[in-house]
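*Asks:* mind looking at a prediction? Sequence and model below.
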Amino acid sequence: MLKLPKSLETDARAPLIQTSLSKNLKPLWIEGRLKVPTLELSPALEKILSLSRRAGQLRGGLENIESCLRREKDGLDALKQRKLSQDSGRMSRILLMSSDGSERFYRHCESLLEVHSDRLIGIRLNIASQNLGQKFFGKDAQVKAVLVTHKDFVARALESLADS
C-alpha cells in the first residue's frame, strides 16, 4: 500500500485512515486484480470534494482523468531523468468511482490504478453516477469517476475518512 501524504504521516488519525482504506476491499470487477475500498460519501468527504472542485482541483470523466494523469506522469518522468525527483510511493491523487459503472469502465479504472500505482489510490463510493455528477458538476451531469488532483485536498479527503 502507498504511504500516506507527508502531512499525515505523524497525524494521530493516520491509523484510522489506514483502517478506512483497508475495509470493504473488493475487486473492481469480477476478474479484477486490484481490490479497492467501497465507502460511503460522508458529509465531510463531500465538503472537501466541493472545496476541491471550487479550487479547480477536481477532475471529472475518465478520459479527462486519464489525460491529466498522463501529463503529470510525463512531467514526473522528465524530473526523474534530470534527477530532480525520486519515487516517493505516496498517495498524491485519489480516483473516486461511482458504484454503477460497467465492467469495461472498472477495467479501465483498474488499468489507470496500475499504471499510476506510485501515487494514485482508488476508492469506490456507494453512490450512483447521476448523484455524483449532480453534487460536483451540475444538475444534469452524470459522472462515474472523479480525480482529486492536489496534495492538500488529497490529504484533507483522507482526513475525512478517519471520521467514517
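*Replies:* Sure thing, it's come through. Numbers count the residues shown, from 1 in each chain.
*Asks:* mind listing what the spatially most central residue of the chain touches?
*Replies:* Of all residues in the chain, the one closest to the mean position by C-alpha atoms, centre = their mean is Ile94, 1.7 Å from it. Going by C-beta atoms under 8 Å, 6 or more residues apart in numbering, Ile94 touches Leu120, Ile121, Gly122, Ile123, Leu147, Val148, Val154, Ala157, Leu158. (Each C-beta comes from the backbone N, C-alpha and C, glycine too.)
*Asks:* kindly report the same for His108.
*Replies:* So His108 contacts Leu62, Glu66 (C-beta under 8 Å, 6+ apart).
*Asks:* show me what whichever strand or helix holds Glu159 is packed against.
*Replies:* Taking DSSP states H and E as the definition, Glu159 sits inside helix 151-161. Secondary-structure packing of helix 151-161 (3 or more C-beta pairs under 8 Å, 6 or more residues apart in numbering; DSSP states H and E): helix 6-9, helix 14-22, helix 43-54, strand 93-97.
*Asks:* ok, and for the first one, which residues are buried?
*Replies:* Judged by neighbour count using 16 or more other C-beta atoms under 10 Å, the buried positions of helix 6-9 are Leu8.
*Asks:* restrict the biggest helix by length in the chain to CA atoms and write it as PDB.
*Replies:* Longest helix in the chain, counting residues (DSSP state H): helix 62-81. Provided in PDB are the C-alpha atoms of helix 62-81 (Å, rounded to 0.1, in the frame of the first residue of the first chain):
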ATOM      1  CA  LEU A  62     -12.500   9.100 -17.200                       C
ATOM      2  CA  GLU A  63     -10.900  10.500 -20.400                       C
ATOM      3  CA  ASN A  64     -10.200  13.800 -18.700                       C
ATOM      4  CA  ILE A  65      -8.700  12.000 -15.700                       C
ATOM      5  CA  GLU A  66      -6.600   9.800 -17.900                       C
ATOM      6  CA  SER A  67      -5.200  12.800 -19.800                       C
ATOM      7  CA  CYS A  68      -4.500  14.700 -16.600                       C
ATOM      8  CA  LEU A  69      -2.600  11.700 -15.100                       C
ATOM      9  CA  ARG A  70      -0.600  11.100 -18.300                       C
ATOM     10  CA  ARG A  71       0.500  14.800 -18.400                       C
ATOM     11  CA  GLU A  72       1.500  14.600 -14.800                       C
ATOM     12  CA  LYS A  73       3.400  11.400 -15.300                       C
ATOM     13  CA  ASP A  74       5.300  12.800 -18.300                       C
ATOM     14  CA  GLY A  75       6.400  15.800 -16.100                       C
ATOM     15  CA  LEU A  76       7.400  13.500 -13.200                       C
ATOM     16  CA  ASP A  77       9.300  11.300 -15.700                       C
ATOM     17  CA  ALA A  78      11.200  14.300 -17.000                       C
ATOM     18  CA  LEU A  79      12.100  15.300 -13.500                       C
ATOM     19  CA  LYS A  80      13.400  11.800 -12.700                       C
ATOM     20  CA  GLN A  81      15.500  11.800 -15.900                       C
END
